[in-house]
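Participant: Have a look at this prediction, sequence included:
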Amino acid sequence: MKIVIYGATEVGCLLATEFFEDHDITVIDKEENRTAEFDKLDISFVHGNATDIGVLKSADIINSDVFIACTTLDEANIVACLSAKKISGIRTICFVSKEEYRNTMELDKTGDYLGDFFIDYVIWPEALLTQELFRIVTVAHALDVENFADGKARLLEYKVKAGSSIVGKMVKDCGFTKDTIIVGIKRDNLLFIPNGLTEINQDDKLIFMGTSHSLDILAGTFFHEKEQVKSVTVIGGGNVGYMLAKNLEDVKIKTKIIEKDYERCEFLAEELHKTLVINGDGTNLKLLDEEEIGESDVVISVTNNDERNLLCSLLVKQLGVKRVISRVSKVLNIPLFEKVGIDIAVSPKTSAINEVRNDIDETNVDILATVEQGEAEVLEIPVNPDFGGKRIMDLRFPAPAIVGIIQRRNHVIIPKGDTQIRENDILIIFTKADTAEKVKEYFKVV
């Protein structure tokens, strides 16, 4: 596939890095924006502005398959996508940073406004980040949460704490809840798929898949989730902070939001009817103490500055908050945040890259989720006739992988070794990202 990327930004670099091995990549931008990271990749670079039709033609847009606009200017991205669509009919993916642009450009392609002049997919990374944060917040103690099969099944990730009853036990002896499967373990920065003889250590991150009801029982039994999240403090009242607070209000979680800008606080106070809006600086320890932020079940720092988010997160940790989540703009900073003790670090750019990856995948396989910053993937694979009637134990994966869920019409099955799969079943499979292609190839019709 031939992909043209407009924007030598961090997102552009991440996209080029993600796809250059399997696709023909061309990046358009001004030469001064070109970094050493791009020079390490086997890609083409076209100097110029993609809003110029001549530049688009220089990038061979007419013979390309996908055009992705990801500069820091929404207007430039929109004009470039519309220009590319006009001259070549190419599939267009447009990054925006404002809700109004997303709402305007996401035209209903089955409605009255459909023509030959539209953008196929509009990505607002902050909205994707908000959805991810909301999933994580609403499940106590979880490091990651993903919902499948219309909420009937889930993926949950937990960290094994000191003194846990499962430390030192093999997986087969832990007595994990029925209808749950442990599909992955992250240990000492290494992610692997365990078996029944794998011994669980303190500080392991355990990744489970199963029915939502069974995972609720598992959490309450092994990870102290009998209590629910009742109070949340959000530091930063920008788009993410506002949307997250609104979602938390909807599920009746007591919410405080701290915002430095007074005018923004007035807006938040008008729009958020059940949230306490505090005008102040989230890096002010005295303010945090006076407002009893240390009593919150969860604190989430979502300003648009990594250094500020890190400082806010460390301060609330000092006040005794057990669960701290931080927004990270620069993806490379995520390991640093986790190393210094931040429980969960998430990036809107990572969420957006996952969306693009799934959108341009040429197979009939969907990537439902990525885990541990893209180290593992959850694949949704329909069963073709070649595999109908086989048992789970008969599958011979070419790389480490595990079938966590079988979706059969409206039913969800957590399989065992002797579970028989049927044609038209949908398999939800956990595997490492670097070998996911081998798993996809295995299920192709020969």
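Facilitator: Perfect, thanks for sending it. All values derive from a computational prediction rather than experimental measurement.
Participant: Next, work out how far apart Ala76 and Glu199 are.
Facilitator: The gap separating Ala76 from Glu199 is 54 Å, by Cβ to Cβ, to the nearest Å. Every residue, glycine included, has its C-beta placed from N, CA and C.
Participant: So which of these two has more stuff around it?
Facilitator: Set Ala76 next to Glu199 and count neighbours by other Cβ atoms under 10 Å: Ala76 wins out with 16 against 13.
Participant: For Ile119, see how far away that one is.
Facilitator: For Ala76, the distance to Ile119 equals 13 Å [Cβ to Cβ].
Participant: now Lys169
Facilitator: Per Cβ to Cβ, Lys169 is found 52 Å from Ile119.
Participant: Over to Phe134?
Facilitator: To Ile119, Phe134 is 26 Å away according to Cβ to Cβ.
Participant: So for those two, which sits in the more crowded spot?
Facilitator: Ile119 (24 against 19).
Participant: where do the helices sit along the stretch 301-446 of the chain?
Facilitator: Along the stretch 301-446 of the chain, counting by DSSP state H, counting those that start in this stretch, helices occupy 306-318, 334-339, 348-360, 436-442.
Participant: Provide a list of residues in contact with the closest residue to Phe387 other than its chain neighbours.
Facilitator: Using Cβ to Cβ, 6 or more residues apart in numbering and skipping the chain neighbours, the partner closest in space to Phe387 is Ile421 (6.2 Å). Residues near Ile421 by Cβ atoms under 8 Å, 6 or more residues apart in numbering: Val383, Phe387, Gly388, Gly389, Lys390, Arg391, Ile392, Ile406, Pro415, Leu427.
Participant: Stretch 387-402 spans what distance, first to last residue?
Facilitator: With Cα to Cα, to the nearest Å as the measure, stretch 387-402 spans 16 Å from end to end.
Participant: Show me which positions of it end up buried.
Facilitator: Phe387, Ile392, Leu395, Phe397, Pro400, Ala401, Ile402 (16 or more other Cβ atoms under 10 Å).
Participant: The first one contacts Ile426, correct?
Facilitator: No - counting by Cβ atoms under 8 Å, no contact exists between Phe387 and Ile426, whose distance comes to 11.9 Å.
Participant: Common neighbours of the two, please.
Facilitator: Common neighbours of Phe387 and Ile426 (Cβ under 8 Å, 6+ apart) do not exist.
Participant: what about the stretch 151-300 of the chain, any weak spots by pLDDT?
Facilitator: Residue ranges of the stretch 151-300 of the chain with pLDDT under 70: 224-227.
Participant: Map the structural domains onto the sequence of this structure.
Facilitator: 2-123, 147-219, 228-350, 365-442 (automatic domain parsing).
Participant: Which among these is found nearest to Thr138?
Facilitator: Closest approach to Thr138 among the domains of the chain (Cβ to Cβ): domain 228-350, 6.3 Å.
Participant: Look at that closest one and report the distance between its end residues.
Facilitator: End-to-end span of domain 228-350 (Cα to Cα): 28 Å.
Participant: What residue, apart from its backbone neighbours, is nearest the residue minimising distance to the centre of the chain spatially?
Facilitator: For the chain, Ser351 is the residue whose C-alpha lies nearest the centre (Cα atoms, centre = their mean; 3.8 Å). Nearest residue to Ser351, sequence neighbours excluded (Cβ to Cβ, 6+ apart): Leu128, at 3.8 Å.
Participant: Assign a three-state SS to the one you found, would you?
Facilitator: State at Leu128, reduced to three classes by DSSP: H, G, I helix; E, B strand; the rest coil: helix.
Participant: Check the contact between it and Pro348; I expect there is one.
Facilitator: Yes - at 6.4 Å, Leu128 and Pro348 qualify as touching, with contact defined as Cβ under 8 Å.
Participant: hmm, back to that, could you dump the domains of the chain into JSON lines with distance to Val139 added?
Facilitator: Converted to JSON lines, the domains of the chain look like this (distance: least, Cβ to Cβ, whole Å):
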{"stretch": "domain 2-123", "distance to Val139": "25"}
{"stretch": "domain 147-219", "distance to Val139": "7"}
{"stretch": "domain 228-350", "distance to Val139": "8"}
{"stretch": "domain 365-442", "distance to Val139": "14"}
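Participant: Narrow the contacts of Ile421 to those in strands?
Facilitator: If you go by DSSP state E, those have Ile406, Leu427 in strands.
Participant: Format the contacts of Ile421 as CSV; extra columns: distance to Asp289.
Facilitator: Listed next are the contacts of Ile421 as CSV, based on distance: Cβ to Cβ, whole Å:
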residue, distance to Asp289
Val383, 57
Phe387, 59
Gly388, 62
Gly389, 64
Lys390, 60
Arg391, 59
Ile392, 54
Ile406, 51
Pro415, 51
Leu427, 51
